[in-house]
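Undergrad: next input, structure requested:
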Amino acid sequence: MGSLGAILKNPDDFYPLLKLKMAARNAEKQIPPEPHWAFCYTMLHKVSRSFALVIQQLGTELRNAVCIFYLVLRALDTVEDDTSIETDVKVPILIAFHRHIYDRDWHFSCGTKEYKVLMDQFHHVSTAFLELGKNYQEAIEDITKRMGAGMAKFICKEVETIDDYDEYCHYVAGLVGLGLSKLFHASGSEDLAPDDLSNSMGLFLQKTNIIRDYLEDINEIPKSRMFWPRQIWSKYVNKLEDLKYEENSVKAVQCLNDMVTNALMHAEDCLTYMAALRDPPIFRFCAIPQIMAIGTLALCYNNIEVFRGVVKMRRGLTAKVIDRTTTMADVYGAFFDFASMLESKVDKNDPNATKALSRLEAIQKTCRESGLLSKRKSYIVKDESGYGSTMIIVLVIMVSIIFSYLSASHQNN
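TA: Next up, the predicted model:
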C-alpha cells in the first residue's frame, strides 16, 4: 500500500492509498465465475493491476470488450517482445495474429512468468472474444491485424528517423487509441473520435513508456531493444547504449530532455480528445493514464536517474490521481500543474529549452483558457515537514490497524 516512510512524508496519500487498496480487493472479488472470463480478469490483474482497476468502472459489456482487447494486444506484444524468437518464426505469427483470436485451439509458448501463462492458455481469451458483440469483435480484429503488420515491419526495420518513431508508436499504441475509440462508439456511449486525436492519445502514453523504460530496454537479454530514434540520440552519442554510462551524463540528460520535448507535442490533442468525451466512466478510464503520463514526463525530465534505475510516480500520488480524477477540470488542473513542475526544471542552457518551454506554455495556455482551473483538485502537494510526533504516532497506529484488518480479511477469504 506504499511504504510507511512515504506515507509519513506525504500523509495526505494515506486515504487515497487505502481507497485504492480496498478497490483492488473489491475488483478481485468481482471476477466472473465462468472459467474463461475468470482467467481473463485474473490475468488482467496480473499483467496490469492499475489497468484492471481503471476498467472496473466501465459498464459490463464495454468492460468485457476492453478487457479482451487489452489481453489480445498484450499477447501480440508478448510475441513481439520475446527477443529469443527467431525473426522467420515471429513475423508470420504477428501478421496472422488477428486470425488466431477466432481459434479456440490456438496457443504459442513464449514470454515469461504471467505472460507465458497468457500465451499457453490463450484459448480462454479466444473463447471470451467469441462471446463479444459483432461490432466489438470487428473493431478488435481490425486493430490487431493492423498492429501485427506494423510490428512485423519494425522487426526488420530500425527506428532511424522521428517519422519512423511516430510510425512505430502508431502501430503499437496509436492503434490502441483508435481501437478504444471504436469500442466506445460501438457501445453507443460516445461519438467516433477523429483518428488523429485517438492516435495522439496512444502516442503520448507510448512515448512516455519508451522514455521511462530506456534502461530496461537497452539491457534486455539476449538482445537490446532500441526505440529511441537515431535522429535524436545521434546528436549526443555515437551509440544509444552510451547514454547509460556515467561519463556521458550531461549528453544523456540533454538527449532525454529532447525525447520528453518530442512527447509533449501530443498533449494538446489529448486534452481536446478528453474534453469531447460525454460518458463519465469512459472519461475517467481515458483521463487517469494521460495524467499519469504527463506526471511521469515531469519526473523524468532533466533526471539522470532514468539512466540509472526506475523513475516513476510514487504510489501515493498515483492513488490520488485515481481518486481525484472525475471531471475535465481535474484533467486541466493536473496537466497545468505537471507542466508547471516540468517548466521549473528546464535549464535555459539546454539545447531544446526554447522548444520545451514553448510546448509547455501552449499546454498551460490551453488549460487556462478552459476557464476550469479554479475548479481543479490538487494532485501535487509539496512534501511537508514539521509534523509533530503525535501526528506520526497516530498515523503509524492507523496504518497498523488497517494492515491487520486487511490481512485478517484476506485470510478469512
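
Undergrad: and residue 61, what does it touch?
TA: Taking C-beta atoms under 8 Å, 6 or more residues apart in numbering, we find residue 61 in contact with 133, 187. Where C-beta positions appear, they are placed from N, C-alpha and C, glycine not excepted.

Undergrad: in which helix or strand would I find it?
TA: Using DSSP states H and E, the element containing residue 61 is helix 60-81.

Undergrad: buried residues, that helix. List them.
TA: 62-81 (16 or more other C-beta atoms under 10 Å).

Undergrad: pLDDT averaged over that helix - what is it?
TA: In this model, helix 60-81 has an average pLDDT of 95.

Undergrad: now do stretch 323-334
TA: Mean pLDDT, computed over stretch 323-334, is 92.

Undergrad: what comes up buried for that stretch?
TA: Judged by neighbour count (16+ other C-beta under 10 Å), stretch 323-334 contains these buried residues: 323-325, 327-334.

Undergrad: secondary structure element holding residue 340?
TA: Here residue 340 sits within helix 328-344, counting by DSSP H and E.

Undergrad: report the angle between the helix or strand that comes right after that helix and helix 328-344.
TA: From helix 328-344 onward toward the C-terminus, using DSSP H and E, the following helix or strand is helix 353-369. Relative orientation of helix 353-369 and helix 328-344, computed by axes from the mean of the first three to the mean of the last three C-alpha atoms, to 10 degrees: 160 degrees.

Undergrad: so where do the helices sit in the stretch 251-400 of the chain?
TA: Secondary structure of the stretch 251-400 of the chain by DSSP state H, counting those that start in this stretch: the helices cover 267-275, 280-300, 315-324, 328-344, 353-369, 389-412.

Undergrad: wait, what's in contact with residue 307?
TA: Going by C-beta under 8 Å, 6+ apart, residue 307 touches 214-215, 243-244, 249, 252, 256.

Undergrad: now it, nearest residue through space, not along the chain?
TA: Excluding the flanking residues, the one nearest residue 307 by C-beta to C-beta, 6 or more residues apart in numbering is residue 244, at 4.8 Å.

Undergrad: so, low pLDDT: which residues of the stretch 201-350 of the chain?
TA: Applying pLDDT under 70 to the stretch 201-350 of the chain flags residues 222.

Undergrad: ok, 90 please
TA: 217-226, 309-310, 312-324 (pLDDT under 90).

Undergrad: quickly find the element holding the spatially closest residue to residue 273 that is not a sequence neighbour.
TA: Setting aside the residues directly before and after it, residue 273 is nearest to residue 197 in space (C-beta to C-beta, 6+ apart), at 4.2 Å. Using DSSP H and E, residue 197 maps to helix 195-212.

Undergrad: dump that helix to CSV, keeping only the CA atoms.
TA: Only the C-alpha atoms of helix 195-212 are listed here, as CSV (Å, rounded to 0.1, in the frame of the first residue of the first chain):
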residue,chain,number,x,y,z
ASP,A,195,-8.3,9.3,-35.9
ASP,A,196,-5.6,11.9,-35.3
LEU,A,197,-6.8,12.7,-31.8
SER,A,198,-7.1,8.9,-31.0
ASN,A,199,-3.6,8.4,-32.3
SER,A,200,-2.2,11.1,-30.2
MET,A,201,-3.8,9.6,-27.1
GLY,A,202,-1.8,6.4,-27.8
LEU,A,203,1.4,8.2,-28.8
PHE,A,204,1.6,10.3,-25.6
LEU,A,205,1.4,7.1,-23.4
GLN,A,206,3.8,5.1,-25.6
LYS,A,207,6.5,7.7,-25.8
THR,A,208,6.3,8.2,-22.1
ASN,A,209,6.9,4.5,-21.6
ILE,A,210,9.7,4.4,-24.1
ILE,A,211,11.4,7.3,-22.3
ARG,A,212,10.9,5.8,-18.8
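
Undergrad: would you mark the buried spots in that helix?
TA: 197-212.

Undergrad: now the helices for the stretch 51-200 of the chain?
TA: Taking DSSP H, counting those that start in this stretch to define them, one finds helices in the stretch 51-200 of the chain at 60-81, 87-100, 113-120, 122-129, 134-155, 162-169, 175-186, 195-212.

Undergrad: dump those into a markdown table; add distance to residue 279 as well.
TA: Below are the helices of the stretch 51-200 of the chain laid out as a markdown table (distance: least, C-beta to C-beta, whole Å):
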| stretch | distance to residue 279 |
| --- | --- |
| helix 60-81 | 9 |
| helix 87-100 | 28 |
| helix 113-120 | 29 |
| helix 122-129 | 23 |
| helix 134-155 | 16 |
| helix 162-169 | 26 |
| helix 175-186 | 7 |
| helix 195-212 | 16 |
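
Undergrad: show me what contacts the residue lying closest to residue 230 once chain neighbours are set aside?
TA: With C-beta to C-beta, 6+ apart as the criterion, residue 230 has its nearest non-adjacent residue at 4.8 Å, and that residue is residue 160. If you count contacts by C-beta under 8 Å, 6+ apart, residue 160 has them with 229-231.

Undergrad: quick revisit: for the helix holding residue 197, which helices and strands make contact with it?
TA: Packing contacts for helix 195-212, counted by 3 or more C-beta pairs under 8 Å, 6 or more residues apart in numbering; DSSP states H and E, involve helix 162-169, helix 175-186, helix 249-263, helix 267-275, helix 280-300.

Undergrad: could you give the angle of the longest one to helix 60-81?
TA: So that's helix 280-300. Calculated by the same axes, to 10 degrees, helix 280-300 forms an angle of 30 degrees with helix 60-81.

Undergrad: next one: the first one
TA: Helix 162-169 and helix 60-81 are oriented at 130 degrees to each other (the same axes, to 10 degrees).

Undergrad: who are the packing partners of helix 162-169?
TA: Judged by 3+ C-beta pairs under 8 Å, 6+ apart, the packing partners of helix 162-169 are helix 134-155, helix 195-212, helix 230-233.

Undergrad: what about the longest one, distance to the chain center?
TA: In terms of C-alpha atoms, centre = their mean, to the nearest Å, the centre of helix 134-155 is found 19 Å from the chain centre.

Undergrad: and stretch 348-365, by the same measure?
TA: Distance of stretch 348-365 from the chain centroid (C-alpha atoms, centre = their mean) equals 24 Å.

Undergrad: so residue 31: helix, strand or coil?
TA: coil (DSSP: H, G, I helix; E, B strand; the rest coil).

Undergrad: that one contacts residue 41, doesn't it?
TA: Yes - in terms of C-beta atoms under 8 Å, residue 31 counts as a neighbour of residue 41; the distance is 4.6 Å.

Undergrad: if we can go back for a sec, and which of the contacts of residue 307 is nearest residue 156?
TA: Residue 156 lies nearest to residue 214 out of these, by C-beta to C-beta, at 22.7 Å.
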